[in-house]
Structures are given as structure tokens and as C-alpha cells.
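**Q** Below are the sequence and a predicted model; questions follow.
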Amino acid sequence: MNFIKEKIPYKKQLKLLYKLRYFKAILFPFNLTKMARIHKTDKFGFHFYTPHYQHHFKKFKFKRNNILEIGVGGYYKPYNGGNSLRMWKSYFPFSKIYSLDIHDKSFLEEYRIKIFRGSQVDFEFLETISKEMGDLDIIIDDGSHVNGHVIETFKYLFPKLIKGGVYVIEDTQTSYWPDYGGDSSNFDNKQTIYGFFKSLIDGLNNEEFIIDNYQKTYYDKYIISMHFYHNMIFIYKGNNDEKSNYIVNNQRPRE
Ligand SMILES: C[S@@+](CC[C@H](N)C(=O)[O-])C[C@H]1O[C@@H](n2cnc3c(N)ncnc32)[C@H](O)[C@@H]1O
């Protein structure tokens, strides 16, 4: 082992290690938790996200998806991070995995993994990379976890998601943490992650509202379901146009 460490340059060692993990992980093609352990991402063990991901993502497994994960990992260390990107590459054999980070993570790019450098709240940057990525099937926000960032990024990127796509937000516990712009005294504060996303729930039933001249919002029209778990949220996009059995144009018909 020491011989390898001495003879092979560090960067090459890392690339070899990632390749080895890739081949190991594809031996367990339907077990995302096992893949998370092999690729050493904290999406299982430190967090417990992979069972939820597998439940929601299994129908995408063999499709040619465009997947964007915000946050490569490893922060300022250029050679660290990318564990979850390599896990997604193993789990989705035909998908392209895109990611972005405020730090330069270009060393971690590989076949089917493309990484951009920029902030999740730099909308000019997001617009530029959106053109390169094309329509997205899955978006995962595992970036700064700052409440304002999570909400603004969602507002900007949700329209870039295809109908039938899923938007996921991780580490939503920051909704309660003031140092991330969260609030533990008012759970309905719309500047917080939960305050904001809870406020969208009623929109699922907008056809049932009794409101004169009600104008549907973008979210009313295109959010078809939301799934809340411990510290993570899944938001499904589609046409939310199922009609009410009772209400017509947001009014009760006269008897
Ligand atoms: C929790 S780590 C990502 C972990 C990785 N997704 C995984 O599961 O292995 C968060 C990453 O987001 C990056 N980040 C922080 N603020 C950001 C911002 N405003 N825009 C983009 N990336 C940011 C950090 O540099 C860090 O690498």
C-alpha cells in the first residue's frame, strides 16, 4: 500500500480510487444505500436520505436523465468532494450528472459528470449553464442551505424542470436555524424553507378555492405533489389540472 502511495501521484491515486468504487458500486445496481456507502457520501449514515431517494427515483433509473445537484462537497479543497455525484453516476447508468459549486471542483469532472463553478443564487450564471444542460429531469439542492438561497434557487430553477421531474431539497433543518436565515419561533415565516413550502400546499387544491377572479400561480399550475420527510422535501412537477367535483371557476354553482 505504501508502495502505491509513493509511486503513484496523489491525483492519480484519487482517480483510481473513484474508478474502483464505481466498479464496486455497479455490483449493487438497485441498492442506493449500498452505493452511498461505497462512494462514501453522507447521504446515508450521517443523513438517512437514500431510502427516500430510491423510492422516488427508481422510475428514472434507466432513463437518459439530465440531473443537477447543487453542491459538489469538499468546500474549498479542490480535490475533495463529488461523492454523491459519483453515486448518482453509478445509480443512473444512462444519465448525465451536472453539478455546481462556488469553489473550483473541475478536478472531479469525469465521463458523465460535468461541474460548473458559480453560486446557486447567481441567476446570470444559472441561466448560462441552463442553456448548456437543457431541460432537467431531477434537481437536488445540497448547496449552501441558507434559507433565502434555497427559496430563490427554487424559484429560478423549478421552471427549468421538465413536467414529470422532481425537485429535491436536502438539509431543510436550517429552516429553524437563525444563522442560516431560519426561524424557530414562527414556523409560518415565509422567509424560511418550511414557511415557504408549506405555503404552497394549498395551491395543490386551487380548483377547490371559492375566490372571485382567482388567478392561478405558476406553482398552483405545476406542482402536483410534495413529500416532506425528516430534513428533506421532494416536489413533483406536472400539470396540476384535475378539476373539482363541485367547484366551477372557483365558485360554487348555484343550486
Ligand atoms: C453539503 S456540501 C455538498 C455535498 C455533496 N452534495 C454530497 O452529498 O456529497 C455543500 C457544498 O455546497 C457548496 N456551496 C456553498 N454555498 C454555495 C453557493 N452559494 N452556491 C453553490 N455552492 C455552494 C460548498 O462549497 C460545498 O461544497
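**A** Structure's in. What do you need?
**Q** The residue nearest to G82 when sequence neighbours are not counted: what's it in contact with?
**A** Take G82 and drop its neighbours on the chain: the residue closest to it by CB to CB, 6 or more residues apart in numbering is L108, 3.8 Å away. In this view, the C-beta of every residue, glycine as well, is placed from N, C-alpha and C. Contacts here follow CB atoms under 8 Å, 6 or more residues apart in numbering; on that basis L108 touches 72, 74, 79, 81-82, 85, 115.
**Q** likewise Y218?
**A** By CB under 8 Å, 6+ apart, Y218 lies in contact with 158-159.
**Q** do you know how far it is from the ligand?
**A** When distances are taken as CB to the nearest ligand atom, to the nearest Å, Y218 and the ligand turn out to be 23 Å apart.
**Q** returning to that earlier point: quick one: which of the contacts of L108 sit in strands?
**A** Cross-referencing the contacts of L108 against strands under DSSP state E gives I115.
**Q** Among the contacts of L108, which are located in helices?
**A** Taking DSSP state H, the ones among the contacts of L108 that sit in helices are L85.
**Q** Report the two of the contacts of L108 separated the most.
**A** In those, the most distant members under the criterion CB to CB are Y79 and L85, with 13.9 Å between them.
**Q** Of the two, give the one with the bigger neighbour count.
**A** The residue with the greater number of neighbours, taking Y79 and L85 and applying other CB atoms under 10 Å, is L85; the counts read 27 against 12.
**Q** The closest residue to the ligand within the stretch 151-255 of the chain: what's it in contact with?
**A** When distances are taken as CB to the nearest ligand atom, the stretch 151-255 of the chain reaches nearest to the ligand at D171, 7.1 Å away. D171 makes contact with 47, 142, 145, 231-232, according to CB under 8 Å, 6+ apart.
**Q** Let's verify L100: helix, strand, or coil?
**A** strand (DSSP: H, G, I helix; E, B strand; the rest coil).
**Q** Which strand residues bridge it?
**A** I70, F116 (DSSP bridges).
**Q** Go ahead and confirm it touches G118.
**A** Yes: under the criterion of CB atoms under 8 Å, L100 makes contact with G118 at 5.7 Å.
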